[in-house]
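A.B. asks: sequence-free structure coming up:
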């Protein structure tokens, strides 16, 4: 689904903790795979009615501050999020503690463009909460950045999102999983490139 990372990578909420309940953490098996260079992405059905509950994680060989700056860089959104055609910051809070962004997204040549507006709340250096406030999708989630030994960072992504298109749930979840994995790979590439 076209919004998984665009919306995912740039939206944030203003409530304490996870937008989905308790913070999700990779289990030991997933953590071992992350340490070996794998990217984790799963999308589960949402009993609350959204298209899916998304969990993703990746280990990045770059310091937490570099990954933080990469996620917040609107000019990189098109290189990191599938289908993002434009990203604009439309409002900023005092001291940069929050902002509102609008994304224009086109999932594929067969689907129309759509927009999403989301507010991101920043708790540096390790948590960004987001929630959609307008546009064609609904979302609520967070990014968590955990420092690892050796100047590395584990990125954990959570999102509860809906699709702007009327597609079967299984198709939407598969597309979201694909897009989240691609976005996390791109985040790693962009962050590691900045860290050099």
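C.D. replies: Great, that's in hand. Source: prediction; values computed, not measured. Numbers count the residues shown, from 1 in each chain.
A.B. asks: longest helix in this structure, by number of residues?
C.D. replies: helix 169-194 (DSSP state H).
A.B. asks: would you mark the buried spots in it?
C.D. replies: Neighbour counts over helix 169-194 (16 or more other CB atoms under 10 Å) mark 172-173, 175-184, 186-188, 190-192 as buried. In short, each C-beta sits where N, CA and C put it, glycine included.
A.B. asks: can you name every helix or strand that that helix contacts?
C.D. replies: With contacts taken as 3 or more CB pairs under 8 Å, 6 or more residues apart in numbering; DSSP states H and E, helix 169-194 sits against helix 4-10, strand 39-44, strand 52-60, helix 64-72, helix 77-80, strand 152-161.
A.B. asks: need the winner for burial among the ones you listed.
C.D. replies: helix 4-10 (a mean of 31; mean count of other CB atoms under 10 Å).
A.B. asks: now the helix or strand just after that one against strand 152-161, angle please.
C.D. replies: For helix 4-10, the succeeding helix or strand toward the C-terminus, using DSSP states H and E, is helix 28-35. For helix 28-35 against strand 152-161, the angle by axes from the mean of the first three to the mean of the last three CA atoms, to 10 degrees is 120 degrees.
A.B. asks: give me the mean pLDDT for helix 28-35.
C.D. replies: Taken as a whole, helix 28-35 has a mean pLDDT of 97.
A.B. asks: so that helix versus strand 39-44, what angle?
C.D. replies: Going by the same axes, to 10 degrees, helix 28-35 makes 140 degrees with strand 39-44.
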